[in-house]
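In: sequence and computational prediction follow.
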Amino acid sequence: MLRVLTSILGGLLVGWILSLFGADTAVINVFQPLFTTVTLTSQHYFVAFGLLGLVLGVLARVRR
């Protein structure tokens, strides 16, 4: 369980570091046309990176 939480925090950390270079704006601009009913924000960006960290953490735990 701790490994999964660590992987979520790792995903958020990677997202935060990339946002320092403007990657959050670029990612939002790329995915906004796919979500016409919702206006994507930086909160969506960080949730996506947290979920990506969660998925990668679970997959790493399953592969063991």
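Out: Looks like it came in fine.

In: show me what counts as buried in whichever strand or helix holds residue 30.
Out: For residue 30, the host element (DSSP states H and E) is helix 23-31. By 16 or more other Cβ atoms under 10 Å, the buried positions in helix 23-31 come out as 24, 27, 28. C-beta coordinates here come from the backbone N, C-alpha and C atoms, glycine included.

In: just stretch 3-10 next, same as before
Out: Residues 4, 7, 8, 10 are the ones in stretch 3-10 that count as buried (16+ other Cβ under 10 Å).

In: in stretch 52-64, what's buried?
Out: 52, 53, 54, 57.

In: and which of those residues is nearest residue 16?
Out: Nearest to residue 16 among the buried residues of stretch 52-64 is residue 53, at 11.6 Å by Cβ to Cβ.

In: now the closest residue to that closest one other than its chain neighbours: how far from residue 33?
Out: Among residues not flanking residue 53 along the chain, residue 11 sits closest, at 2.1 Å (Cβ to Cβ, 6 or more residues apart in numbering). As judged by Cβ to Cβ, to the nearest Å, residue 11 and residue 33 stand 24 Å apart.
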